[in-house]
Each structure stands twice: as structure tokens, then as C-alpha cells.
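> Provided below for reference: sequence and predicted model.
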Amino acid sequence: MSDLNIASVLSQIRSLREQAGAARAGMPLPAASQAPTQAGMPAFGDLLKGALDGVNRSQSESTRLQEAFQVGDPRADLPSVMLAMQKSSVSFRALVEVRNRVVQAYQDVMNMPM
């Protein structure tokens, strides 16, 4: 994950923490469209959806190459099939690790003392 993405996630966590503090103090919460965002930065949900789409494309390409190799397509050689399989495996494992870290961060925020 790049420093830019980490900064965006941290900004959104801080925003959620401030909103939670405002809710405890009885202040009205800002609407989702009014939530503070950095100019030109995509929302965390958009980044996550993009990552999911990328992993899905990688796995689809790997499956397509595997099937082409199985039917004897001369354009699907074994090294390219193996490379596509490894790329999809690594991208999936990275996505699972990001998910685990996001869940852990959420649990940490929820377990903060009031």
C-alpha cells in the first residue's frame, strides 16, 4: 500500500473518531456527502472496490489461460499460465492481508475507551 493510500485511510479513521466523539457529546453528525475528504482523493470504499476488481480480473485471466492451455491453444504456453496463477495468488493473499488489517483497525477503534 502506498503512503498516499495509508494517509487517506488514516484521515478517514480520524474523521470517524471525531464523528463518534460528536455523537457521544450529543452533537449532530455530518451527512455522508458533507464528510471531510481530501481534494482529488478517492474514498476508501472506491479504493477497496478497485482492489477487489483487480484481484477478480487477475483470477479471471489466470482461469482463462489455464483453460486455453488445457485445450491446446498455442498462445497459452506453460510459463505464462504459471505466471498468471502466481500473480493471482499473490494479489489474493495481499487482499486478504489488507482485509485482516482493516478488520483489526476497526476492532481497535471500537475497543477504545470512551
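Nice, I can see it. Quick caveat, the model's predicted, so the values are computed rather than measured. Numbers count the residues shown, from 1 in each chain.

> Could you point out the longest helix of the chain?
In the chain, with assignment by DSSP state H, the single longest helix is helix 78-110.

> Go through it and flag the buried ones.
Buried residues in helix 78-110, defined by neighbour count with 16 or more other C-beta atoms under 10 Å: 81, 84, 85, 88, 91, 95, 98. Backbone N, C-alpha and C define where each C-beta goes, glycine included.

> Who are the packing partners of that helix?
helix 3-24, helix 44-70 (3 or more C-beta pairs under 8 Å, 6 or more residues apart in numbering; DSSP states H and E).

> so which of these comes closest to residue 104?
Of all the helices and strands packed on helix 78-110, it is helix 3-24 that lies closest to residue 104, at 12.1 Å by C-beta to C-beta.

> Tell me the spacing between residue 94 and residue 71.
For residue 94, the distance to residue 71 equals 30 Å [C-beta to C-beta, to the nearest Å].

> And residue 52, by the same measure?
Residue 52 is 29 Å from residue 71, by C-beta to C-beta.

> which intervals of this protein have sub-threshold pLDDT?
Within the chain, the stretches with pLDDT under 70 are 1-7, 19-39.

> Recalculate using a threshold of 50.
Residues of the chain that meet the criterion pLDDT under 50 lie in 1, 27, 29-34.

> now stretch 12-21: how far from the chain's centre is it?
Its chain's average C-alpha position is 20 Å from that of stretch 12-21, according to C-alpha atoms, centre = their mean, to the nearest Å.

> Sorry, slip of the keys, the one I care about is stretch 79-93.
With C-alpha atoms, centre = their mean, you get 19 Å for stretch 79-93.

> let's number from 825 now, not from 1
Got it, first residue is 825 now, which makes that one stretch 903-917.
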